[in-house]
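In: What follows is a predicted structure for the sequence shown.
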Amino acid sequence: MKRSKKMSRREFVRGTAALGGALAAGALPAGTQPAGAAPASAREAGMPYRTMGNTGLRVSEIGFGGYPIDDPDVILYALDRGINYVDTSNCYRGGASERTIGEALKGRRDRFIVTTKWCPHHVGRPAKKQVFLSQLDASLKRLQTDHVDIVLNHEVGRNSDGHGLERLKNPEILEAFEAARRAGKVRFMGASGHDPDLMDVMHHAVDSGAFSVLLCRYSFLDYPDQDRLIARAAGKGVGFAAMKTLAGAKGADLEKFKDRHVTFRQAALRWVLSNRKVSNLVISINSRKQVDEYAAAADRPLTRADLDILREYAEEFSTQVCRFSGACMEACPEDVRIADILRFSMYYHEYGQENRAVESYARLVASERAAHCLHCSGFCERACAYDLPIRTLLIRAHDTLSDTALAPGPGPREEDPSRGRISEGG
């Protein structure tokens, strides 16, 4: 994931525009059309479906990201718009996400494809077979169902779990999945992540044959290694769900994007879906308005108007969006968790998830926070291939996220002996 030479902002924007032009011109295939059975209401809503790798699961192009959801009626509204794929985790808001989704599933379980996640590192638990199984049982209870379709190993990466690639090689994970599968509690297993070692982790997941689904960041501003990973996964029959599709979600509500026939968000989602090798995308939803906006992005080709919006966005914000390349962290003389802090700042400023951001930052140990950055000369900025003003962004993040008045109160903060640090929440 290292770059041989530094790419200027102008070169990056030009490269993005060229790729978008190739997509619009048909050099790469446009989106897929659904095949096979789908609920009548879904077909009427115009939601396309794709098959998730070799799983045989027919998933809506737009997936329901369940982190913020607090109203089951919004999930049912999404179902009426054809959205049948719901993504959650046992660690999302202390289980509140799964409980809300469970209310929506009652009497309708067969109409949904449900994904939850394993993340013992979030609460300082060891990556042991029985821990994985107990987490799944707790998820099933909250979801009010006897099975989920997919379980993902959540946030695999050295920054997130302290292990990265070694975590997927842990035989306890494979044993736990096989036991759960035999018991009828889960059908398929996958992995998710967004750390700098993402490519190594996910290429192993693809090549191992043990993982059927990937959930990774992918947007029109992400590094090109993603395309190679997606193509390789498709060749091996591994499903690929895209997340973090809005490229930082900066400026999505700017006035200059409002008087268009499409919104910035719709343009960004269509860019992702224009890659036919992507199974679907997952985006956080907590309102009917969001359902309407995101669902309208599906079943339509990427257009010149979409590309114009994305180009304007890139020109405005390409030097403000972290690509998680990891080069800055290698250059940092301290232990600052740069990529994670910028992600937490994105949750706060762009996603409107203030408590999640503040709590996540509070779980970092002092040496990993950005307090050091005020007096640093900015080694990170010189290493960044995308010309981000990293030091300024980190200082801003520290000033904002250190306001613990927003934190929801102490959650699980057990010391993780494998890392010598407090496990990261959220």
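Out: Arrived safely, thanks for sending.

In: So which residues of the stretch 301-426 of the chain form helices?
Out: Remark: helices assigned in the stretch 301-426 of the chain by DSSP state H, counting those that start in this stretch are 304-317, 327-331, 338-349, 354-362, 379-383, 390-401.

In: before we move on, what about the stretch 101-250 of the chain?
Out: 129-143, 158-161, 165-168, 171-182, 198-208, 225-235.

In: Which of these sits closest to Glu61?
Out: helix 225-235 (14.9 Å; Cβ to Cβ). C-beta here means a position set from N, CA and C on the backbone, and glycine is covered the same way.

In: Show me the contact partners of that closest one.
Out: 1, 53, 199, 202-203, 206, 214, 216-218, 239-240, 275, 277-278 (Cβ atoms under 8 Å, 6 or more residues apart in numbering).

In: how about those, which pair is most distant?
Out: Longest span within those, Cβ to Cβ: Met1 and Gly53, 23.8 Å.

In: ok, how many other residues are close to Val131?
Out: 16 (other Cβ atoms under 10 Å).

In: ok, now Arg108?
Out: Around Arg108 there are 11 residues (other Cβ under 10 Å).

In: Could you check how many residues crowd around Arg323?
Out: Neighbour tally, Arg323, other Cβ under 10 Å: 24.

In: go on, Gly164?
Out: 21.

In: and what of the one 5 residues further on?
Out: As a burial measure, Lys169 scores 13 neighbours (other Cβ under 10 Å).

In: Show me what the lengthiest strand in the chain is packed up against.
Out: Longest strand of the chain, by residue count under DSSP state E: strand 186-193. Secondary-structure packing of strand 186-193 (3 or more Cβ pairs under 8 Å, 6 or more residues apart in numbering; DSSP states H and E): strand 148-153, helix 171-182, helix 198-208, strand 213-217.

In: Provide the contact partners of that strand at residue level.
Out: Contacts of strand 186-193 (Cβ under 8 Å, 6+ apart): 55, 57, 115, 117, 136, 147-157, 160, 168, 173, 177, 180-181, 201-202, 205, 210-216, 239, 243.

In: Tell me the strands beside that strand, with direction?
Out: Applying DSSP bridges, strand 186-193 is found paired with strand 148-153 (parallel), strand 213-217 (parallel).

In: What lies in contact with the shortest one?
Out: So that's strand 213-217. 52-53, 55, 87, 115, 150, 152, 188-194, 198, 202, 205-206, 226, 229, 233, 238-245, 279, 282, 324.

In: Just the buried subset of the contacts of helix 225-235, written out for ChimeraX, thanks.
Out: Typed into ChimeraX, the line below selects the buried ones among the contacts of helix 225-235, using 16 or more other Cβ atoms under 10 Å:
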select :53,199,202,203,206,214,216,217,218,239,240,275,277,278
